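Novice: Sequence first, then the predicted structure:
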Amino acid sequence: MNRSIAGIMLLAGLAGATAARAAETPMPPAAPQVQVVDPRTIAPTITPGNPAAEKGLIVQRLVIGAANGATGLDMDHNSWKGGLDTTFPLGFGYRVEELCYLHSGRFEMESDGVTTIMRPGNFLWRPADALTQRGHIVEDSTEICAFAPVRQQDGYRLTKTELEALAARPADRPRMRFYDYRYYEAVPRPGDTSGLATTRRIVTRERDGTQQIEASHDSYRAGYADGPFSNRVDEICWVESGEMELVANSARARPMRARAGDFIFRPARSVTWSRKAAADTVEICFTGPAAGAAGAHVKLP
């Protein structure tokens, strides 16, 4: 055999063996990616058989979920038309924890004989197994709702059998709780010495007993900057007002801008190299699992 042909065959054999070994070697998982999501780009979720959703009286969007790499929590953006009234004889509830923030509008919720009026700036925390029997949308409303851990299709809703069992023990089942951010002191963000950033911890593990989710109301003055940091847990922040500029995932990445109405998703182990408040900014942030007093971020050198 010609030596050059034999050499080519030998090299081809070595290349094939190398490719086979490479195919058998598992690739390292992709690094979690920080994402900025505009809810207006997300198609509404239409629940089959729900007349209100089919008529557009309820517009629900799954903004952040498992498809984005979320495991600790996911997020809905909801719009409701005023006048909508719903009644649930057995109540409704979930197997996961829910934490909502009302941005605009007004609605009433009746839970275990207590009616609460939700107004802008209010949070509600629904522990797993907590029930609501009636809801009335007083005026057009917009809210954001986080669920933890990530919901699994429709398996997160309580079944009729579970609802009946909870209805039979009204004295010791979990109850919904309501909060107004204005009643919580704004304190400097952990590690900040600039005086340009404050946080209000609204729903916390140590005070409220939540295990899966927490919420905070965070304010930044224009010019605030920090980073780099990584995330200990999944975190979803909604920019209620203002604008944030982020460099994330790679130190050489082009800056991302999160404007009012956008969501920022920072998965656990993701890296934010820098962030800067391009204007006075307010964010509503949720972490899952509950981050506790240590917070969601780990400062990097």
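Specialist: Looks like it arrived, so ask away.
Novice: Tally up the residues packed near residue 190, please.
Specialist: Neighbour count of residue 190, defined by other CB atoms under 10 Å: 12. Yep, even glycine has a C-beta here, placed from its N, CA and C like the rest.
Novice: nope, residue 39 is what I meant
Specialist: Neighbour tally, residue 39, other CB under 10 Å: 21.
Novice: so it makes contact with residue 63?
Specialist: Yes - with contact defined as CB atoms under 8 Å, residue 39 counts as touching residue 63 (5.0 Å).
Novice: Mutual contacts of these two, please.
Specialist: By CB atoms under 8 Å, 6 or more residues apart in numbering, residue 39 and residue 63 have these common neighbours: 77, 263.
Novice: wait, residue 211 sits on residue 289?
Specialist: Yes - the pair residue 211 / residue 289 is scored as a contact, 6.8 Å apart, by CB under 8 Å.
Novice: ok, now how distant is residue 214 from residue 166?
Specialist: Going from residue 214 to residue 166 by CB to CB, to the nearest Å gives 25 Å.
Novice: cool, residue 281 as well?
Specialist: Distance, residue 281 to residue 166, by CB to CB: 41 Å.
Novice: Which strand runs longest in this structure?
Specialist: Counting by DSSP state E, the longest strand found in the chain is strand 132-148.
Novice: pLDDT weak spots in this structure?
Specialist: Flagging of the chain using pLDDT under 70 yields the residue ranges 1-29, 48-49.
Novice: how about the helices of it, start to end?
Specialist: 3-24, 51-54, 160-167, 205-208 (DSSP state H).
Novice: Compute the distance between residue 187 and residue 217, please.
Specialist: For residue 187, the distance to residue 217 equals 11 Å [CB to CB].
Novice: Now the common contact residues for the two.
Specialist: With CB under 8 Å, 6+ apart as the test, residue 187 and residue 217 both reach 199, 200.
Novice: between these two, which one's more packed in?
Specialist: The residue with more neighbours, out of residue 187 and residue 217, is residue 217; 22 against 11, by other CB under 10 Å.
Novice: what pairs with the more buried one across the strands?
Specialist: According to DSSP bridges, the partner residues bridging residue 217 are residue 200, residue 284.
Novice: ok, it touching residue 203?
Specialist: No - between residue 217 and residue 203 there is no contact under CB under 8 Å: 10.3 Å.
Novice: and the residue lying closest to residue 288 once chain neighbours are set aside, backbone torsions?
Specialist: Spatial nearest neighbour of residue 288, chain neighbours left out: residue 73 (3.0 Å); criterion: CB to CB, 6 or more residues apart in numbering. Per-residue torsions, residue 73: phi -160, psi 160 (degrees, to the nearest 10).
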